[in-house]
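# only geometry, no sequence info:
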C-alpha cells in the first residue's frame, strides 16, 4: 500500500515572504479618511437624535380652527376626557408665539425634556391659531405632528377657552422612571 505524502513534504523548498516592518503610506491615509468619515457620520446621527422631530417640509397642515386630539393606544377613555375638560392641573406652560418653526421645534423638545426631569405629568403648549401666517396654522400643524412623534407624550387635546382654546393644547406626559419607582414602593408598602 502506498503512503500518502505529508503536508511538510509539499512545503519543501518554500521560502517565507519577507515581512515589511512598515505600513504603506496610502494605507495610513485611507485609514485616516475612513476614521474621519465615521466621525462625521456619528456627529450627523447625534445631531439628528438630539431632535427627532420632523422638519418643516414633512408637516401635514391643519386648519386654524381644527380641534387637535391624540392618544396612545391603550389609554383609558376617562383619562382623555379629563384631559379634554382641563381637569388635570398644568404645572408648566410653553408659549410659542413669535417663534420661527426651527425655534419652536427646539423649544418643544427642550420643554418636554424639562417636564420629564421635573416629573410634570400635565402641561400646556400655546401655539396660537396662526390665522395670519402663511401658510395658515403653520405652528399649530407642526405642534400637532411633533407631539405625536415624541414617545413621552401619552395624549394631547385642544384646550378649553379659559386656557387658550384652539390656540393651545393640554399635554399628558408619560410618568418618569423615578415616579414609577415611587408608586411601586408606595403600593408595595400597603401589602
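Sure thing, it's come through. Since we're looking at a predicted model, the values are computed, not measured.

# chain center to the strand or helix carrying residue 154: distance?
Using DSSP states H and E, the secondary-structure element containing residue 154 is strand 153-158. Relative to the mean C-alpha coordinate of its chain, strand 153-158 is positioned 16 Å out (CA atoms, centre = their mean, to the nearest Å).

# Next: stretch 127-144.
Going by CA atoms, centre = their mean, the spacing between the C-alpha centre of stretch 127-144 and its chain's C-alpha centre is 22 Å.

# Pull the residues that contact it.
The contact list for stretch 127-144 (CB atoms under 8 Å, 6 or more residues apart in numbering) reads 54, 56, 59-66, 68, 70, 96-97, 99, 101, 104-105, 108, 125, 166-169. Bear in mind the C-beta positions are built from the backbone N, C-alpha and C, glycine included.

# hmm, try it at 10 Å
Counting contacts by CB atoms under 10 Å, 6 or more residues apart in numbering, the residues outside stretch 127-144 that touch it are 53-56, 58-66, 68-70, 94-101, 104-105, 108, 125-126, 156, 158, 164-169, 171.

# Show me which of the residues you listed are buried.
53, 59, 61-62, 64, 68, 70, 94, 96, 99, 104-105, 108, 125-126, 156, 158, 164, 166-169, 171 (16 or more other CB atoms under 10 Å).

# What about the contacts of stretch 127-144, which are in helices?
With DSSP state H as the criterion, helices contain 101, 104-105, 108 from among these.

# Just the closest of those residues to residue 36, please.
For these, the residue nearest residue 36 by CB to CB is residue 105; the value is 29.2 Å.

# Okay then, goodbye and thanks.
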